[in-house]
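In: Make a model of this:
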Amino acid sequence: MTKCIALLGGSFDPVHLGHLALADTFTGLLQADQLRVIPARPWQKSHLQASDAQRLAMLRLAFAHSAVPVAIDTQELDRDGASYTVDTLRTLRAALGEAVSLVFLIGADQLQRLDTWRDWHALFELANLGVAARPGFSLADAALPPAVVQALAQRRASPEQLRATPCGLVHIAPSLAVDVSATEIRSALQQGNAANSLLPPVVLDYIQQHHLYKN
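Out: Prediction:
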């Protein structure tokens, strides 16, 4: 049976319940063997408020009791300069081999701007995509860039097909609709609101203990 690894990248500034819901949804759908969480230092977001060490600590707390084995992959933090998803996937593919199914998880908001990612067509040569709905971001073809619609046209597949295929397929899961924004969480924390309905309790405790997102 093909080994399947779900990949969850992001700034995680901070990690929140939307991230956990995305991971839980797809690891369940895919019956994934592992979840690999990849904190980024993304070129689009130059002003991360938590340090790399703090973001890693929050991730370890948030995913400590996951239903599947979790690995925190720090390769993007270890690189000099900006990190790009395509480079990360190339590194993972080289390390894990050609047979493993890699499924990179994104939200509908990211799918709407997929054509702005570096070498985005190459993503399909390296991994499958798992896309989750997000309130306010349509997954209809009319809401997506034409180039993305064209790329998805022949790639849509079931979770079972993604699990059995190393790369090149896309599954869109419309059932997940968690409306959580890290920007809104940081704003709430800055204003002294707990944001405890949006964060894992252990992460909220860490934020409060370390006085994060206060200014």
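
In: CA atoms for contacts and neighbours, from now on please.
Out: Fine.

In: To what extent is Tyr206 buried, counted in neighbours?
Out: By other C-alpha atoms under 10 Å, 15 other residues sit near Tyr206.

In: distance of it from Ser187?
Out: 17 Å (C-alpha to C-alpha, to the nearest Å).

In: Identify all contacting residues around the helix or strand of the chain with the lowest mean pLDDT.
Out: Counting by mean pLDDT, DSSP states H and E, the chain has its least confident helix or strand at helix 182-190, which shows a mean of 86. For helix 182-190, contacts defined as C-alpha atoms under 8 Å, 6 or more residues apart in numbering pick out 12-16, 194-195, 198, 213-215.

In: Of those, just say which sits nearest to Arg79.
Out: Top of the list for closeness to Arg79, among those and by C-alpha to C-alpha, is Phe12 at 17.3 Å.

In: Contact partners for that closest one?
Out: 39-40, 55, 59, 182 are the contacts of Phe12 under C-alpha under 8 Å, 6+ apart.

In: wait, doesn't Trp120 sit right on Val86?
Out: Yes. Using C-alpha atoms under 8 Å, Trp120 is in contact with Val86, at 7.2 Å.

In: what about the two, which has more around it?
Out: Taking neighbours as other C-alpha under 10 Å, Trp120 and Val86 compare with Val86 leading, 20 against 14.

In: mind checking how far the residue lying closest to that one once chain neighbours are set aside is from Gln110?
Out: Excluding its sequence neighbours, the residue lying closest to Val86 (C-alpha to C-alpha, 6 or more residues apart in numbering) is Leu123, at 6.0 Å. Going from Leu123 to Gln110 by C-alpha to C-alpha gives 14 Å.

In: ok, back up a step: tell me the one among the contacts of helix 182-190 nearest to Ala132.
Out: Taking those together and measuring to Ala132 by C-alpha to C-alpha, the closest member is His16, at 15.4 Å.

In: And for the closest one, the neighbour number?
Out: 25.

In: so what's it closest to, chain neighbours aside?
Out: Closest residue in space to His16, ignoring its immediate chain neighbours: Leu199 at 4.7 Å, by C-alpha to C-alpha, 6+ apart.

In: Let me see the contact set for the closest residue to Ala99 other than its chain neighbours.
Out: For Ala99, ignoring the flanking residues on the chain, the nearest one in space by C-alpha to C-alpha, 6+ apart is Pro166 at 5.7 Å. Counting by C-alpha under 8 Å, 6+ apart, Pro166 touches 98-102, 126-128.

In: Quick check: buried residues in stretch 203-215?
Out: 203-204, 207, 212-213 (16 or more other C-alpha atoms under 10 Å).

In: that older thread, what's the closest of the contacts of helix 182-190 to Ser51?
Out: Nearest to Ser51 among those: Asp13, at 8.8 Å, using C-alpha to C-alpha.

In: Tell me the pLDDT of that closest one.
Out: On pLDDT, Asp13 comes in at 94.

In: before we move on, what about Gly81?
Out: 76.

In: One more: the one 5 residues further on?
Out: pLDDT, the model's per-residue confidence, is 96 for Val86.

In: circling back: possible to save the contacts of Pro166 as JSON lines with secondary structure, distance to Leu8 and neighbour count?
Out: What follows is the contacts of Pro166, written out as JSON lines (DSSP: H, G, I helix; E, B strand; the rest coil; distance: C-alpha to C-alpha, whole Å; neighbours: other C-alpha atoms under 10 Å):
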{"residue": "Glu98", "secondary structure": "coil", "distance to Leu8": "19", "neighbour count": "13"}
{"residue": "Ala99", "secondary structure": "coil", "distance to Leu8": "20", "neighbour count": "14"}
{"residue": "Val100", "secondary structure": "coil", "distance to Leu8": "16", "neighbour count": "19"}
{"residue": "Ser101", "secondary structure": "strand", "distance to Leu8": "14", "neighbour count": "27"}
{"residue": "Leu102", "secondary structure": "strand", "distance to Leu8": "11", "neighbour count": "30"}
{"residue": "Leu126", "secondary structure": "helix", "distance to Leu8": "15", "neighbour count": "24"}
{"residue": "Ala127", "secondary structure": "coil", "distance to Leu8": "12", "neighbour count": "28"}
{"residue": "Asn128", "secondary structure": "strand", "distance to Leu8": "12", "neighbour count": "27"}
